[in-house]
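K.L.:
Okay, sequence plus prediction incoming.
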Amino acid sequence: MEHVDTLVFKQYYLDCLSHASYLVGDRGSGRAVVVDPQRDVGEYIADAARLNLNIERVIETHVHADFLSGHLELAARAEARISYGSAAHVDFALHPLPDGRKLSLGDVELEILHTPGHTPESICVVVRAHAGDQVPFGVLTGDTLFVGDVGRPDLAAGAGWSTEKSARALFRSTRRLLDLPDATGVYPAHGSGSSCGKNLSAERHSTIGEQRRTNYALAEMAEDDFVDLVCSEQTPAPRYFAYTSARNRQERPTLDESTHVPALSFEEFLRARSTGGVVLDTRDPDAFAAGHLAASINVPLCGRFAELAGEVLSAHSAILLVCDPGTEREARNRLARIGFDRVPGALADGAPGIDPGYRRTAVRHRVDEFVVLDSDTRVVDVRNPGEVHADGTIPGARLIPLPELPSRINELAPGESVAVFCASGRRSSIAASILRAAGFTNVSDLQGGFASYRAEHPIARPDSP
């Protein structure tokens with residue numbers, strides 16, 4: 001947290017979604033705003049109370065696609081107004097912010113800059129510790145400008161903007177940001193790992209001057225060259241993005257992150273599954289392999305849990321949880337961060353509550369076992385193309401990236417032997433569980449992943465014959 005005279009400025013960072021949000025306030029007046037909040041808003045509420053601040057407004061830099069934002073939750077709990085740029089179209093009460101609008105919090109002043117490109121309604125928020133300061137404290141750049149990158153321009157097709165139109169707008173918007181003094185801090189909405197750009201840095205903030213010198217997309221170039229540069233080599237948007245983007249525009253039920261997840265007996269759990277529920281087992285892959293409910297999907301509750309779940313599950317399915325005891329609420333809340341709200345309950349007592357007659361095990365090979373698999377075994381690499389290009393792969397492996405597996409599963413035969421691997425052994429467990437749930441009867445994966453394989457065995461390059 002930073003204090004400049006009366007300015008209160010705090011960045012909140014969710015590693016699991018590479019998401020940054022901000023509390024900006026004035027110590028003298030006690031007035032504050034939250035920018036781009038995560039959905040579970042308790043930390044903002046607690047910090048504001050501790051600092052004697054009143055959150056009077058929620059500012060969204062754009063309609064987010066990668067997470068379900070907490071604007072409705074803060075509006076309900078803090079009686080805050082919701083503001084987007086004036087080009088936004090949403091289904092709930094809105095206090096739009098025109099280009100150039102200045103908001104006074106006391107001594108602290110915010111200025112709105114319309115910066116379309118990543119989305120048509122994108123804005124940036126200039127923060128000045130004192131109204132009229134020639135050098136702002138910083139600028140909250142949303143998904144317009146990242147540290148080391150700019151926002152992807154291919155997510156606005158649903159709003160009637162082509163990728164090229166978005167990229168041209170993004171060129172003009174980023175150059176507008178370069179009009180700010182070099183000492184102005186840059187505080188984006190995402191960092192490394194986010195799918196909202198392609199080259200994001202692990203650094204969580206920077207300055208306009210540093211980005212002018214080092215950001216490839218801010219180098220001096222013609223607009224056409226910028227368009228070609230930012231439109232090339234974009235990875236496919238994650239499967240859940242379209243759903244979450246639409247949900248962020250809608251009036252919807254709010255999340256109470258403190259409520260308990262209902263505990264279901266095994267009989268109740270089976271009944272819920274029989275009506276279309278999907279079983280999501282959030283335990284470690286080795287624990288999952290040792291014993292799990294038949295046809296369940298394993299997405300470990302660590303790292304990028306919600307993002308991975310969003311790649312392989314449908315938000316419209318009822319999700320029934322099998323968790324390590326005490327982690328059910330965390331799993332529910334992390335799913336809620338991407339709008340996956342249909343969680344009827346979790347199996348009471350977790351995996352030990354599974355009736356032995358319904359329990360299944362999974363095969364996870366060590367490297368020495370994996371390399372001697374029968375030649376008829378289909379080896380599948382579920383990493384992303386960029387990983388394969390950079391690191392190589394196992395000779396003869398077929399590349400089916402994990403996000404594409406649900407739609408490409410018919411490229412594999414349920415009766416054949418399939419062995420799956422990823423970088424570390426986490427995504428391969430997810431992929432193998434998807435195949436088993438789809439009726440594949442002879443599926444295994446590589447414990448320790450490609451990292452353990454390449455330490456001792458030859459690898460193939462993508463351009464190898």
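P.N.:
Alright, I've got the coordinates. Residues are numbered from 1 along each chain as shown.
K.L.:
next structured bit after the helix or strand of the chain with the lowest mean pLDDT?
P.N.:
Every helix and strand of the chain was ranked by mean pLDDT, DSSP states H and E. The lowest is strand 2-4, at a mean of 62. With elements assigned by DSSP states H and E, the helix or strand that comes after strand 2-4 is strand 7-14.
K.L.:
where does the helix or strand following that following strand sit relative to the chain's centre, distance-wise?
P.N.:
Next along the chain after strand 7-14, taking DSSP H and E as the criterion, comes strand 19-26. Relative to its parent chain, strand 19-26 has a centroid offset of 19 Å by CA atoms, centre = their mean, to the nearest Å.
K.L.:
Contacts for strand 19-26 next, please.
P.N.:
6-14, 31-38, 44, 47-48, 51, 53, 55, 66-67, 105-108, 110, 127, 140, 187-191, 194, 204 (CB atoms under 8 Å, 6 or more residues apart in numbering). C-beta coordinates here come from the backbone N, C-alpha and C atoms, glycine included.
K.L.:
what are the C-alpha coordinates of that strand, in PDB please?
P.N.:
Only the C-alpha atoms of strand 19-26 are listed here, as PDB (Å, rounded to 0.1, in the frame of the first residue of the first chain):
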ATOM      1  CA  HIS A  19      -5.500 -10.200 -11.900                       C
ATOM      2  CA  ALA A  20      -4.800  -6.900 -10.300                       C
ATOM      3  CA  SER A  21      -7.400  -4.600  -8.800                       C
ATOM      4  CA  TYR A  22      -7.000  -1.300  -6.900                       C
ATOM      5  CA  LEU A  23      -8.300   0.600  -3.900                       C
ATOM      6  CA  VAL A  24      -7.800   4.400  -4.400                       C
ATOM      7  CA  GLY A  25      -8.800   6.800  -1.700                       C
ATOM      8  CA  ASP A  26      -8.300  10.100   0.000                       C
END
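K.L.:
Could you tell me the angle between it and strand 7-14?
P.N.:
Calculated by axes from the mean of the first three to the mean of the last three CA atoms, to 10 degrees, strand 19-26 forms an angle of 160 degrees with strand 7-14.
K.L.:
Spell out, range by range, the helices that occur in the stretch 51-200 of the chain.
P.N.:
71-78, 163-177 (DSSP state H, counting those that start in this stretch).
K.L.:
Next: the stretch 301-450 of the chain.
P.N.:
305-312, 328-336, 367-370, 385-391, 405-408, 426-437, 449-454.
K.L.:
now the ones you listed in a markdown table, with distance to residue 262, mean pLDDT and mean neighbour count?
P.N.:
Shown next, in a markdown table, are the helices of the stretch 301-450 of the chain (distance: least, CB to CB, whole Å; pLDDT from 0 to 100; neighbours: other CB atoms under 10 Å):
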| stretch | distance to residue 262 | mean pLDDT | mean neighbour count |
| --- | --- | --- | --- |
| helix 305-312 | 19 | 95 | 23 |
| helix 328-336 | 9 | 98 | 21 |
| helix 367-370 | 40 | 93 | 16 |
| helix 385-391 | 39 | 90 | 14 |
| helix 405-408 | 28 | 94 | 15 |
| helix 426-437 | 23 | 97 | 25 |
| helix 449-454 | 35 | 94 | 19 |
